[in-house]
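Asker: have a look; sequence and predicted model below, questions after that.
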Amino acid sequence: MEKTDKIYVAGHRGLVGSAIARNLRKKGYDNLIGRTHAELDLTRQEAVQRFFAEERPDIVVLAAAKVGGINANNTAPAEFAYQNMQIQCNVIKCAHDYGTKKLLFLGSTCIYPRMAPQPIPEEALLSGPLEETNEAYAIAKIAGLEMCRFFKRQYGDNFISCMPTNLYGPEDNYELEGSHVLPAMIRKFHEAKIAGAPFVELWGTGTPLREFLYVDDMADACVFLLEHYDGERHVNIGTGEEVSIKTLAETVKKIVGYTGRINWNRDMPDGTPRKLADVSRLHALGWRHKTGLEEGIRLSYDWFRENIDKARM
């Protein structure tokens, strides 16, 4: 990858895409292009073809996606499957047709089976049934990473894929109906503190184990892979460390400064009981995360408070 390459970051305003754009600029990649959804609807094939014909990007980072937590996935599985596959098919095919030098496709560790071995190696893909609460999104992301592999195998396209673990940080989605667990907790505890509420209700039992990666660390790993990795196998991106949802909640509560109690609604789903990525492949390539969980939550809460008027709520 050259510093003068024209780099298209699809989804440059989202949690993932904005972090990757920040990291690229920090490392001297200044020829970045992006389009808002209003400017370019990636689900529209003709619009994507026209964009690629006009811009001819050298590098593509496919970070655009329809994303959400358990509730959003359960409520609208058809939209999660259909829209994500539309975006992926359009961008990946156009990257091939218009001579993109390299493409990075971003998925998620939710692609792995519900009862995958822990930590989850890349080889666990398609080895068992998926978690039902995010099945539609997972199937779409599996299709995307396999499409990249097939284009590499058939045409020699340098299309690579990475699967980040649970992400959080600046530009996250704090809309309670569609957000992931950590930003939802930050908002709930913050609003409860401001309102003086006696308790905060959280879903499930608090027992599931999860891995969380600060989004700027994820971005650094993505740029590292763009610079150093050309393999056919997708690569997990994570910390290799896990925490229970209950411990996570207590940590967020402490950082926010909320003094009430937590009520666990056991009638609501927990999701996958444990999900820890095996990041030995990424470590062997020479990359490791830098931001600890408590530091990352503190940075995220600081951003939330400073940007509460413009945060996605």
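Answerer: Looks like it arrived, so ask away. Numbering: from 1, shown residues only.
Asker: residues contacting the closest residue to Lys290 other than its chain neighbours?
Answerer: Nearest-residue entry for Lys290: Asp217, 5.9 Å, with adjacent residues in sequence omitted and distances by Cβ to Cβ, 6 or more residues apart in numbering. For every residue, glycine as well, the C-beta is placed using N, CA and C. Counting by Cβ atoms under 8 Å, 6 or more residues apart in numbering, Asp217 makes contact with Thr239, His289, Lys290, Thr291.
Asker: how about the residues you listed in CSV, adding neighbour count, pLDDT and distance to Gly204?
Answerer: Listed next are these as CSV, based on neighbours: other Cβ atoms under 10 Å; pLDDT from 0 to 100; distance: Cβ to Cβ, whole Å:
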residue, neighbour count, pLDDT, distance to Gly204
Thr239, 23, 97, 22
His289, 22, 98, 26
Lys290, 12, 97, 30
Thr291, 19, 98, 26
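Asker: and those residues, which is closest to Leu282?
Answerer: Nearest to Leu282, judged by Cβ to Cβ, of the contacts of Asp217 is His289 at 9.3 Å.
Asker: next one: the closest one from Pro164, what distance?
Answerer: Using Cβ to Cβ, to the nearest Å, we find His289 at a distance of 11 Å from Pro164.
Asker: give the residues shared as contacts by the two.
Answerer: Leu213, Ala221, Gly238.
Asker: list the contacts of the second one.
Answerer: The neighbours of Ala221, taking Cβ under 8 Å, 6+ apart as the test, are Cys162, Pro164, Ile237, Leu282, Trp287, His289.
Asker: rewinding a little: now, which of the shared contacts of His289 and Pro164 lie within helices?
Answerer: Here DSSP state H is the test, and the shared contacts of His289 and Pro164 give Ala221 as lying in helices.
Asker: what helices and strands are in contact with the helix or strand of the chain with the lowest mean pLDDT?
Answerer: Each helix and strand of the chain was given a mean pLDDT (mean pLDDT, DSSP states H and E); the minimum falls on helix 70-75 at a mean of 78. Identification of packing neighbours for helix 70-75 by 3 or more Cβ pairs under 8 Å, 6 or more residues apart in numbering; DSSP states H and E yields helix 135-155.
Asker: buried stuff in the helix it packs on?
Answerer: 135-145, 147-149, 151-152 (16 or more other Cβ atoms under 10 Å).
Asker: report the rounded mean pLDDT for that helix.
Answerer: Averaged across helix 135-155, pLDDT comes to 97.
Asker: tell me where the stretch 151-300 of the chain has strands.
Answerer: Along the stretch 151-300 of the chain, counting by DSSP state E, counting those that start in this stretch, strands occupy 159-164, 166-168, 199-203, 209-210, 212-214, 235-237, 243-244, 261-265, 274-275.
Asker: now do the contacts for Ser18.
Answerer: Residues near Ser18 by Cβ under 8 Å, 6+ apart: His12, Pro170, Glu171.
Asker: of these - the most surrounded one?
Answerer: Counting neighbours by other Cβ atoms under 10 Å, the top entry in the contacts of Ser18 is His12, with 22 neighbours.
Asker: quick revisit: and which of the contacts of Ala221 is nearest Ile59?
Answerer: Checking the contacts of Ala221 one by one against Ile59 (Cβ to Cβ), the nearest turns out to be Cys162, at 14.3 Å.
Asker: now the strands of the stretch 151-300 of the chain as TSV including mean neighbour count and distance to Cys110?
Answerer: Compiled in TSV, the strands of the stretch 151-300 of the chain are given as follows (neighbours: other Cβ atoms under 10 Å; distance: least, Cβ to Cβ, whole Å):
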stretch	mean neighbour count	distance to Cys110
strand 159-164	24	9
strand 166-168	23	9
strand 199-203	17	17
strand 209-210	18	11
strand 212-214	24	14
strand 235-237	26	12
strand 243-244	16	17
strand 261-265	13	22
strand 274-275	20	8
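Asker: measure His234 to Leu225 for me?
Answerer: Counting by Cβ to Cβ, the gap from His234 to Leu225 is 10 Å.
Asker: what do the two both touch?
Answerer: Ile160, Cys162.
Asker: more crowded one of these two?
Answerer: Legend: neighbour count by other Cβ under 10 Å for His234 and Leu225, higher for His234 (24 against 21).
Asker: shaky segments in the stretch 51-200 of the chain?
Answerer: 178 (pLDDT under 70).
Asker: now do 90
Answerer: 66-76, 114, 131-134, 171, 173, 175-181 (pLDDT under 90).
Asker: can you show me the helices along it?
Answerer: Counting by DSSP state H, counting those that start in this stretch, the stretch 51-200 of the chain has helices at residues 70-75, 77-97, 135-155, 181-195.
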